[in-house]
Structures are given as structure tokens and as C-alpha cells.
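A.B. asks: predicted model, plus sequence, below.
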Amino acid sequence: MKDRRTTGEQSTSAARLALEKIAVIFCSSQNTPQGREQETVADREVIEVAAAVCQSLKETGYCVDVIDLNPARIPDLRAYDWVFNLTETIYGFPLTDFEIASQMQHHHVRFTGSGAHALKNCLDKAATKALLLKNGVNTPEYSVIHPGDPLCTACRYPVIVKPVHEDGSIGITHDSIAWQAEDLAPRVEHIHRLYQQPALVEEYIEGRDITASILGNGPGAVILPLSEILYRNFPGPNVLTFEAKWLADSPEYQHSVVRCPAVLEPELADTIRRIALQAYTIMGCADYARIDFRVCDQTPYVLEINPNPCINPFDSGFVRSAAAAGFEYTGLVHQILIESVKNHPNGTGKAATGAG
């Protein structure tokens, strides 16, 4: 399979769309759950991203407002020709990201990124895995343990234990791996207690961390250059923990680096691209997304699907892959907007709904 890509030169020269007013929306919260204070770094990042997206759109010639969303004011977004949606599920915020998308769809607000259906399924790691398996996509064995359930699993050990409804490596530490049955209960109980949600227990796949970023929709969807996380003298099992992803002063962050483009055998790279596009379609993602893989013995396993992934201009996987394809940041932001408008025939609703 060829690596279909759009270059930054093409996107930068694209004509400004006939949109008068654009809103860049995000959600913030002053609430922090006890024991999860360090995770606020992930919540705060979206404020910086919103400012960068706003500046990029203004440089392209658009009139832009940045809005820290008040859920009661969602109907007011109809005053804008388009919304660049950066909302996320944040602790203490009244609505999840899929509920915000659902309300915008209800009020016929046109916005970038995936719709409510895809966001809801992808927020639930177990639902994602069930849909992938139903459609023949390889993903590690798993089980879900709710509070009050027996603390056991049919998965082969070792397993990794995660919150079922978090992203951004939240809830993943060196202690997340249960190497044998007696290790499982304390890890599951930790997720139940701290995150107040079910625990996803997943077969731990030892291998390479590869990510595939996708831009566009339908037959025109573009696979950006693949990237790989390299663990060099990493202090613990090779797992992208929260510290490795977010905390620049931590040993985990300093001993994990990203290589983009990834160095892969052509056949394996083609397989990953094919599966990534398949997963993107199954989950009903729109406009842009990132698919995370573990590769063991040349076999790719889909770990997570991230619709509306982070587009921090300084250190995000999606932007890094886009840069490797020739996009400068302003051109990438504009291209996401272009893909969104193209995906809304006559401005009516989100095109992708997923395989179900």
C-alpha cells in the first residue's frame, strides 16, 4: 500500500474557505479529584492548543473567537459558520466530549472532528475493542471488571490494568502491569478507588509502540508518516506512562523519544496503514484521528483509537507526523478545517457514523 499523503505546501496554498466567523471551543474545569492533581497538566494543555489554533486561523484570514465553553450556551454557537472543536472530557466539567458533540449536532452546529457516535465509542476502551473484534481487527484480549465484580480475568498474564474511560495515558504507571494472578486485585482496586470507573484488564503485549495519524475522510483519507516511541534505558517496563507522556522533568519522559518517520519493513508498514484506515472507518472517525498500535513479532495490535487527537504545535504525535509529511502548523490547522467542510455536504451533519 502506498503512503498517501498531502503536503504542507498543498495545504498552505489552499484557498481560504467562504466562512465569516469561526469559534474555537474548549472546556476547562477548576475541579481536581484528590490523588490526581498531576493530571491537571493534561487538562491545561487544551487552553494553549486553543490559542495556537486561533492564531493559525487568523493568519489564514478568518475571523475567530476562542470560547471556554459554557454548556448552557451551546445553542449560541449557531451564530458561527463553523466551530473548531477542541473540547475534551475533563473531570468536573458538566458534559463529556460526546455529549457536547451530540448537543451541537442537535442544534445543527457545524464542527470539526468526529461526531457524538464516534466520540462515545472511542471514549470507552472496551466498546472500541468490541467493535474492532467484531470487524476482524486484531486487539489484545481483554475483560472489564466493574466495582463489586470478582477480581479475576480469563486473559493470559501478564496483563495491564487501565481506567476504561480515560485517555492521554491517564491512569497508566509502571505499576499498571499485573505479572501474575496475585498482582491483579490491588491494581483493579486502585482504578476503582481513584478513577471511580470500571477497570480494563488487557493482555500485555511486549513489542514496539507505533502510531498512525490519519487526516481526511472516505477514499481521500491520508495516512501521515508512521511514528514510533523508543524506550532508551527506560526506568521500568516499556509502557507509555502518564509521566512519560506529560511530565518533562521525569526520567520516563527523558528516556522515551519519538522517531518519525518510524523505521519499519515496507510490508509491516503497509499492514499498519491498512488496519489504521479500517479501524478509523469502523469507529466512524471524521476529519482526523490517531491510532495507537503495539507490534509483536510483526503482528500489529490496535490498542486505542483517538478521535480529535491533541494538536499541540510543540509536542504532539499528530502534529509531528504531519510535519514529517510537509505540513507547517498553520497549514495543518487549515487542512483540518477544509476536511471538515468537505465532509459536511451542504453543511448538514456529520457524515461518518461507524460500522456499529
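C.D. replies: That came through, no problem.
A.B. asks: roughly how far is the host helix or strand of Ile291 from the heart of the chain?
C.D. replies: Ile291 belongs to strand 288-296 when assigned by DSSP states H and E. Here the centre of strand 288-296 is set off from its chain's centre by 10 Å, with Cα atoms, centre = their mean, to the nearest Å.
A.B. asks: list the buried ones in that strand?
C.D. replies: Tyr288, Ala289, Arg290, Ile291, Asp292, Phe293, Arg294, Val295 (16 or more other Cβ atoms under 10 Å). Just so you know, the C-beta spots here come from the backbone N, C-alpha and C atoms, and that holds for glycine as well.
A.B. asks: for the spatially most central residue of the chain, give me its contacts.
C.D. replies: Per Cα atoms, centre = their mean, the C-alpha nearest to the average position across the chain is that of Asn306, at 2.4 Å. With contacts defined as Cβ atoms under 8 Å, 6 or more residues apart in numbering, Asn306 is in contact with Cys122, Asp167, Ala289, Arg290, Ile291, Asp292.
A.B. asks: return the member of those nearest to Cys310.
C.D. replies: Distance to Cys310 across the contacts of Asn306 (Cβ to Cβ) is lowest for Arg290, with 8.5 Å.
A.B. asks: pretty sure that closest one contacts Arg320?
C.D. replies: No. Applying Cβ atoms under 8 Å as the test, Arg290 and Arg320 come out as separate, 10.4 Å apart.
A.B. asks: distance of Cys285 from Glu339?
C.D. replies: Here Cys285 is placed at a distance of 11 Å from Glu339 (Cβ to Cβ, to the nearest Å).
A.B. asks: looking at those two, which is more packed in?
C.D. replies: For the pair Cys285 and Glu339, the greater number of neighbours falls to Cys285 (29 against 22), based on other Cβ atoms under 10 Å.
A.B. asks: so how far is Asn308 from that one?
C.D. replies: 9 Å.
A.B. asks: for Tyr253, same thing?
C.D. replies: From Tyr253 over to Asn308 (counting by Cβ to Cβ), the distance is 24 Å.
A.B. asks: out of those two, which sits in the more crowded spot?
C.D. replies: More crowded of Tyr253 and Asn308, by other Cβ under 10 Å: Asn308, with 26 against 16.
A.B. asks: show me where this protein has its strands.
C.D. replies: Counting by DSSP state E, the chain has strands at residues 21-26, 63-68, 82-85, 142-145, 159-163, 177-178, 199-203, 208-215, 222-223, 227-231, 256-259, 288-296, 299-307.
A.B. asks: can I get those strands in TSV with mean pLDDT and distance to Cys54?
C.D. replies: Shown next, in TSV, are the strands of the chain (pLDDT from 0 to 100; distance: least, Cβ to Cβ, whole Å):
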stretch	mean pLDDT	distance to Cys54
strand 21-26	97	5
strand 63-68	97	5
strand 82-85	98	8
strand 142-145	97	39
strand 159-163	95	31
strand 177-178	96	40
strand 199-203	97	35
strand 208-215	98	20
strand 222-223	96	24
strand 227-231	95	26
strand 256-259	93	26
strand 288-296	97	18
strand 299-307	97	21
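A.B. asks: for Gly331, which of those strands is the nearest?
C.D. replies: The nearest among the strands of the chain, by Cβ to Cβ, is strand 208-215 at 11.4 Å.
A.B. asks: which strands and helices lie in contact with the closest one?
C.D. replies: In terms of contacts (3 or more Cβ pairs under 8 Å, 6 or more residues apart in numbering; DSSP states H and E), strand 208-215 is packed against strand 222-223, strand 227-231, helix 266-282, strand 288-296, helix 317-324, helix 329-342.
A.B. asks: outside of the fifth one itself, list whatever touches it.
C.D. replies: It refers to helix 317-324. Outside helix 317-324, the residues touching it (Cβ under 8 Å, 6+ apart) are 8, 211, 213, 215, 224-227, 258, 260-261, 288, 290, 309-313, 329, 332.
A.B. asks: write the PyMOL selection for whichever of those are buried.
C.D. replies: Only the buried entries of the contacts of helix 317-324 go into this PyMOL selection, using 16+ other Cβ under 10 Å:
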select buried, resi 8+211+213+215+224+225+226+227+260+261+288+290+309+310+311+312+313+329+332
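A.B. asks: using PDB, list the CA coordinates for stretch 223-238.
C.D. replies: Output of stretch 223-238 as PDB, limited to C-alpha atoms (Å, rounded to 0.1, in the frame of the first residue of the first chain):
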ATOM      1  CA  ILE A 223      -2.100   8.300   6.300                       C
ATOM      2  CA  LEU A 224       0.600  10.600   7.600                       C
ATOM      3  CA  PRO A 225       4.100   9.100   8.200                       C
ATOM      4  CA  LEU A 226       4.100   6.500  11.000                       C
ATOM      5  CA  SER A 227       5.900   7.200  14.200                       C
ATOM      6  CA  GLU A 228       7.500   5.100  16.900                       C
ATOM      7  CA  ILE A 229       8.100   5.600  20.600                       C
ATOM      8  CA  LEU A 230      11.600   4.400  21.500                       C
ATOM      9  CA  TYR A 231      12.400   3.500  25.100                       C
ATOM     10  CA  ARG A 232      16.100   4.000  25.900                       C
ATOM     11  CA  ASN A 233      17.300   3.000  29.300                       C
ATOM     12  CA  PHE A 234      13.700   3.400  30.400                       C
ATOM     13  CA  PRO A 235      13.100   3.100  34.100                       C
ATOM     14  CA  GLY A 236      10.600   0.300  34.100                       C
ATOM     15  CA  PRO A 237       8.600  -1.800  31.600                       C
ATOM     16  CA  ASN A 238       8.300  -0.200  28.100                       C
END
